[in-house]
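Participant: how would this look folded up:
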Amino acid sequence: MRKIFFIFSFASVFLNVLPVGALKRPQERLILSDLIQEALENNPALEAAGHKALSAERAISQAGALSDPKLTLGLMNLPVNSFAFDQEPMTGKQIAVTQMFPFPGKLSLSMDMAEFEAAALQQQQQEIRNQIVQTVRRAYYDLYAVDQALETVQKNKDLMEQLIRVAEIKYATGSGLQQDVLRAQVELTKLDDDLIMWRQKRLVVAAHLNSVLNRPAGSHVDMTPSSLEVPEKMDLGFSQKEIERQRPLLRAWKEKLGKSEAAVKFARRDVWPNIAVSAAYSQRDDLKSGVKLHDFLSLSMTLDIPFFYRRKQNQRIAERELDFHAAEAEYANILNGILADVEVQKAGLERNRKRIELYEGGILLQARQSLESAQAGYQVGKVDFLNVVDNWMRLLNYELQYHFALSDYYKALAGYEFAVGKDFYGMNEPRD
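Facilitator: Now for the predicted structure:
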């Protein structure tokens, strides 16, 4: 009779503890696409990048415009003994206009440099956008892993509290050991410590997510979905040329290279002089003696003489050429880093996919079978209490590791998309 009572009591524990994934969560759950949209609408870094790109567009027409003409008003040859305009024939009132004309080709090169700069900033804006999307995704999946950990630890704690009651009943009736009770109480205390740790971790991840979303610090962040699905295998083979064509950061650097090359051409043109053309009109009064005087029209042209070209223009050409070669080297360095990151993210995807397949096809199935065997053995007295507890908690923790692998997979997927500059995430939207 006592044995039947213990079997009933122990069985009730497992009936009262829900299987992994069955615990109900609040109705309000985070939707990744909504978070991404919110971040793209509100993130100040993306807004700042947009303003910079628009500002650079406004500079294009300015770069191709002539400098403002200069208007000069003056008096010519006014005698100081009388300050009279009709005393001397060379006295007059003059108005002049001067316009500077850069040497042919300079304005078009200036516009080219401005256009390259504007295009580079547009690509940088896209790079920041992709960075924000990746950051939101990674934070989302970090939060998913933390939520799974909290759920698992809480279920382990609920299970342990019920097992403690069973162990206390068995010990009180003489069929159990005191060490079972003490062991279970130690495990319960450890689970309380784990809950504190994971709750703090969630606050950190939520704070990071709120920062990206431009929400007030400490804003509430809903729970993530209770599960994620593994997407179908996709083609991860992108060539270097495809990555150079797709990644906004690399496209931005190509625009910078174009600007640097145009700067070299401009420096070479700068050896040739700019031209300033002036037109002046002088009005003269008739003399007191009755002599009629005609007005004057004067034209002049001024050229810059590159007299110190060896110390100035030639050195400027060398400076711009060095800048161009430096930009080429920086581009190559950034490209190498991106290609390495692509391989790292690809390895992470493959590794975590294999982990997921291993858990789904082997570990979880074996852990469930081991638990069922331990339960059956306990009911007939062949397995002790702690063995069943260990098997149950091992199953829950394997379930948790499975969800961690899912989280790591999706984070690697976000990193891979960012690295190659291609968004195929819409095909892999996680479903609850």
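Participant: three-state assignment of the spatially most central residue of the chain?
Facilitator: Centroid-nearest residue in the chain, with C-alpha atoms, centre = their mean: residue 131, separated by 1.7 Å. The three-state assignment at residue 131 reads helix, by DSSP: H, G, I helix; E, B strand; the rest coil.
Participant: what's the distance between it and residue 40?
Facilitator: 11 Å (C-beta to C-beta, to the nearest Å). For every residue, glycine as well, the C-beta is placed using N, CA and C.
Participant: what about the closest residue to the residue nearest to the centre of the chain other than its chain neighbours, neighbour count?
Facilitator: Nearest residue to residue 131 in three dimensions, chain neighbours excluded: residue 418, at 6.9 Å (C-beta to C-beta, 6 or more residues apart in numbering). By other C-beta atoms under 10 Å, 25 other residues sit near residue 418.
Participant: I'd guessed residue 418 sits against residue 136; true?
Facilitator: No. The pair residue 418 and residue 136 does not pass the contact test of C-beta atoms under 8 Å, sitting 11.4 Å apart.
Participant: quick one: the strands in the stretch 1-150 of the chain?
Facilitator: For the stretch 1-150 of the chain, the strands defined by DSSP state E, counting those that start in this stretch occupy 70-76, 92-101.
Participant: pLDDT averaged over the last one - what is it?
Facilitator: The one in question is strand 92-101. Averaging pLDDT along strand 92-101 gives 95.
Participant: Tell me which stretches of the stretch 201-350 of the chain form strands.
Facilitator: So, for the stretch 201-350 of the chain - with DSSP E, counting those that start in this stretch - the strands run 275-283, 296-303.
Participant: what's the offset of the last one from the middle of its chain?
Facilitator: From the chain centre to the centre of strand 296-303 is a distance of 58 Å (C-alpha atoms, centre = their mean, to the nearest Å).
Participant: got it, and stretch 192-204?
Facilitator: On C-alpha atoms, centre = their mean, the centre of stretch 192-204 falls 27 Å from the chain's centre.
Participant: Equivalent analysis for stretch 194-212, please.
Facilitator: The answer for stretch 194-212 is 20 Å, by C-alpha atoms, centre = their mean.
Participant: Buried residues of it, list them for me.
Facilitator: If you call a residue buried by 16 or more other C-beta atoms under 10 Å, then stretch 194-212 has these buried ones: 194, 195, 198, 201, 202, 205, 206, 208, 209, 210, 212.
Participant: what comes into contact with that stretch?
Facilitator: Contact partners of stretch 194-212, identified using C-beta atoms under 8 Å, 6 or more residues apart in numbering, comprise 35, 39, 43, 132, 135-136, 139-140, 142-143, 146-147, 149-150, 153-154, 157, 216-219, 221.
Participant: Mind checking which of those residues are buried?
Facilitator: For those, buried by 16+ other C-beta under 10 Å: 35, 39, 43, 132, 135-136, 139-140, 142-143, 146-147, 149-150, 153, 157, 221.
Participant: Give me the subset of the residues you listed that lies in helices.
Facilitator: 35, 39, 132, 135-136, 139-140, 142-143, 146-147, 149-150, 153, 157 (DSSP state H).
Participant: from those residues, which single one is nearest residue 166?
Facilitator: residue 157 (15.1 Å; C-beta to C-beta).
Participant: Would you enumerate the residues in contact with that closest one?
Facilitator: Per C-beta under 8 Å, 6+ apart, neighbours of residue 157: 188, 191, 192, 195.
Participant: possible to save the residues you listed as a markdown table with secondary structure?
Facilitator: Formatted as a markdown table, those follow (three-state DSSP):
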| residue | secondary structure |
| --- | --- |
| 188 | helix |
| 191 | helix |
| 192 | helix |
| 195 | helix |
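Participant: got the phi/psi numbers for residue 271?
Facilitator: Per-residue torsions, residue 271: phi -70, psi -30 (degrees, to the nearest 10).
Participant: ok, now how distant is it from residue 217?
Facilitator: Taking C-beta to C-beta, one finds residue 271 at 57 Å from residue 217.
Participant: quick one on the thing from earlier: and residue 235, which of the strands of the stretch 1-150 of the chain is closest to it?
Facilitator: strand 92-101 (56.0 Å).
Participant: relative to strand 296-303, how tilted is that closest one?
Facilitator: Counting by axes from the mean of the first three to the mean of the last three C-alpha atoms, to 10 degrees, strand 92-101 points 30 degrees away from the direction of strand 296-303.
Participant: heads up, I number from 33, so please use that
Facilitator: Noted, 33 is the first residue going forward, which turns the last one into strand 124-133.
Participant: I'd like the distance between residue 179 and residue 172.
Facilitator: With C-beta to C-beta as the criterion, residue 179 and residue 172 are 10 Å apart.
Participant: quick one: common contacting residues for the two?
Facilitator: Common neighbours of residue 179 and residue 172 (C-beta under 8 Å, 6+ apart) are residue 256.
Participant: can you name the two of the ones in helices among the buried ones among the contacts of stretch 226-244 that are farthest apart?
Facilitator: 164 and 189 (36.9 Å).
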